[in-house]
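[1] Got a sequence here, can you build the structure:
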Amino acid sequence: MKFFHLADLHIGKSVHDMPMLKEQRHVLLQVLSLADEREVDAVILAGDLYDRAVPSAEAVELFDDFLTGLAERNLPVLAIAGNHDSPERIAFGGRIFRDKKIYLEGTYQGKLPRVELWDDLGRVNVWLMPFLRPASVRPYAPEKEIRTYEEAVRTVLSREEIDPSERNVLVAHQLVIGSGEPERSDSESISVGGQESIPYTVFDRFDYVALGHLHGPQAAGREAVRYGGSPLKYSFSEVRQNKGLTVVELREKGNLHLTHLPLTPLHEMREIRGPIDALTSPEVVDGAPAEDYIRAVLTDDEELVDAVGRMRSVYPNLLRLDFENRRTKGGGILKQPSAESRKPPEELFAEFYEWQQNLPLDGEKRELIRRLLEEECR
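    Numbers count the residues shown, from 1 in each chain. Model (predicted):
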């Protein structure tokens, strides 16, 4: 049994006000081509199909195109709602879609849907668990006091009869952690305090756990419990992540093989750093595609006029501009202006300037201030 594991499509997302729909269409077309090339048996989508609970019409159209492409290939699609999705919208039309082998589960209704897939070795049970909150489980287990996400997931799994002699796959969208801290990015919606976290040992009965929620592809505790990661970079904290999809091969019971397939975006996302004259020089600009999505960190100490305009003249997809110089690095070493009132106004202004800018008032500026003060005192 061979299937694709994808997650966190976030269709309709914008990054720093830049719509990602063209990028998303580009990578989803790659997924369809790779499905043909790799001859997979199914496609798993582990939540956050959309970026918003009420997606735009364009986002819905793109997801519809993607599902249609998979259905035309007669590929089963096993998809769940994530925390960004509207459960009811994801579940809408689910019974009709099943005729096309498209299984969309948005809400927990007391039992986990189980989809049977078959290969030469027998049956593979795929269990679909949409994003769970404690409140969504309590009505189905009133005898239990369910306060945490871990208690909610344990309760749900305890209600299912999972045959350990067969191959079992779980599709989930939860914060699952291993022995160490997982790799996170600032585009993920995760609450602070660890209340959402679930230990990976909760899923010991499964041969593979296809996770969504974290945007970096990574294992959680053991290789068989894995985040697919997002197919695109959705923040500059993700620039070093290797985006793509996971090819999962379930052989005989206990024999699992995983392969990461990279997906190529229309425009790469990268960071550049240095003085503005260097970053806009032909040598630097020609060193990589100028149309990439750029975060620029300018290190110039002097004040710059229209830095954004200058950068966008060579980097049209500049998304973020930051400064890192002696002024921004002050970090507690800025000198407070002296409170001595008897100092000459020129000296007081020089101290105020250095306090504000973390730079000394140089000769040219000092001379200008001196002339202005002289004119004012006439």
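
[2] Packing partners of the longest helix belonging to the chain?
    Using DSSP state H, we find that the single longest helix of the chain is helix 21-38. On a contact count with 3 or more C-beta pairs under 8 Å, 6 or more residues apart in numbering; DSSP states H and E, helix 21-38 meets strand 2-6, helix 57-72, strand 244-250. C-betas here are computed from N, CA, C, even on glycine.

[3] what comes up buried for it?
    Residues 21, 23-28, 30-32, 34-35, 38 are the ones in helix 21-38 that count as buried (16 or more other C-beta atoms under 10 Å).

[4] For the helix or strand following that helix, which outside residues touch it?
    Downstream of helix 21-38, the next assigned helix or strand under DSSP states H and E is strand 42-46. Contacts with strand 42-46, where a contact means C-beta atoms under 8 Å, 6 or more residues apart in numbering, come from 1, 3-9, 31, 35, 70, 75-80, 82, 117, 126, 169, 171-173, 210-212, 228, 248.

[5] Can you flag the buried ones in those?
    By 16+ other C-beta under 10 Å, the contacts of strand 42-46 give 1, 3-9, 31, 35, 70, 75-80, 82, 117, 126, 169, 171-173, 210-212, 228, 248 as buried.

[6] How is this protein partitioned into domains?
    The record's domain parsing of the chain by automatic domain parsing lists 2-262, 269-323, 345-377.

[7] Tell me which stretches of the stretch 201-350 of the chain form helices.
    276-279, 282-285, 307-312, 345-357 (DSSP state H, counting those that start in this stretch).

[8] average pLDDT for the last one?
    When you say that, I think you mean helix 345-357. The average of the pLDDT scores along helix 345-357 is 71.

[9] just checking, next helix/strand downstream of the worst-scoring helix or strand of the chain on mean pLDDT?
    Sorted by mean pLDDT, DSSP states H and E, the helices and strands of the chain end with helix 345-357, the least confident at a mean of 71. Once the chain leaves helix 345-357, the next helix or strand it forms, by DSSP H and E, is helix 363-377.

[10] which helices and strands does that following helix pack with?
    On the basis of 3+ C-beta pairs under 8 Å, 6+ apart, helix 363-377 makes packing contacts with helix 345-357.

[11] Okay, now the unreliable bits of the stretch 101-250 of the chain?
    Scanning the stretch 101-250 of the chain for pLDDT under 70 picks out 187-195.

[12] go again using 80 as the cut-off
    Low-confidence segments of the stretch 101-250 of the chain (pLDDT under 80): 179-181, 184-195.

[13] Centroid-nearest residue for this protein?
    Nearest residue to the geometric centre of the chain (C-alpha atoms, centre = their mean): His215, 3.9 Å.

[14] I'd say that residue and Gly229 touch.
    Yes - between His215 and Gly229 there is a contact under C-beta atoms under 8 Å: 5.7 Å.

[15] Identify the contacts common to these two.
    When contacts are counted by C-beta under 8 Å, 6+ apart, His215 and Gly229 are jointly contacted by Asp8, Gln241.

[16] how near is Arg371 to Leu232?
    55 Å (C-beta to C-beta, to the nearest Å).

[17] go on, Arg312?
    Counting by C-beta to C-beta, the gap from Arg312 to Leu232 is 22 Å.

[18] Those two: which is more packed in?
    More crowded of Arg312 and Leu232, by other C-beta atoms under 10 Å: Leu232, with 23 against 15.

[19] so how far is His267 from that one?
    In terms of C-beta to C-beta, Leu232 sits 10 Å off from His267.

[20] joint contacts of the two?
    Common contact partners of Leu232 and His267 (C-beta under 8 Å, 6+ apart): Glu23.

[21] hang on, the earlier thing: pick the most buried one from the helices and strands packed on helix 21-38.
    Comparing the helices and strands packed on helix 21-38 by mean neighbour count (mean count of other C-beta atoms under 10 Å), strand 2-6 ranks first with a mean of 24.

[22] same question for that strand, mean pLDDT?
    Mean predicted lDDT for strand 2-6 stands at 98.

[23] tell me which element Trp127 is part of?
    With DSSP H and E as criterion, Trp127 is part of strand 122-129.

[24] quick one: strands adjacent to that strand?
    With DSSP bridges as the test, strand 122-129 is paired with strand 114-119 (antiparallel), strand 167-173 (parallel).
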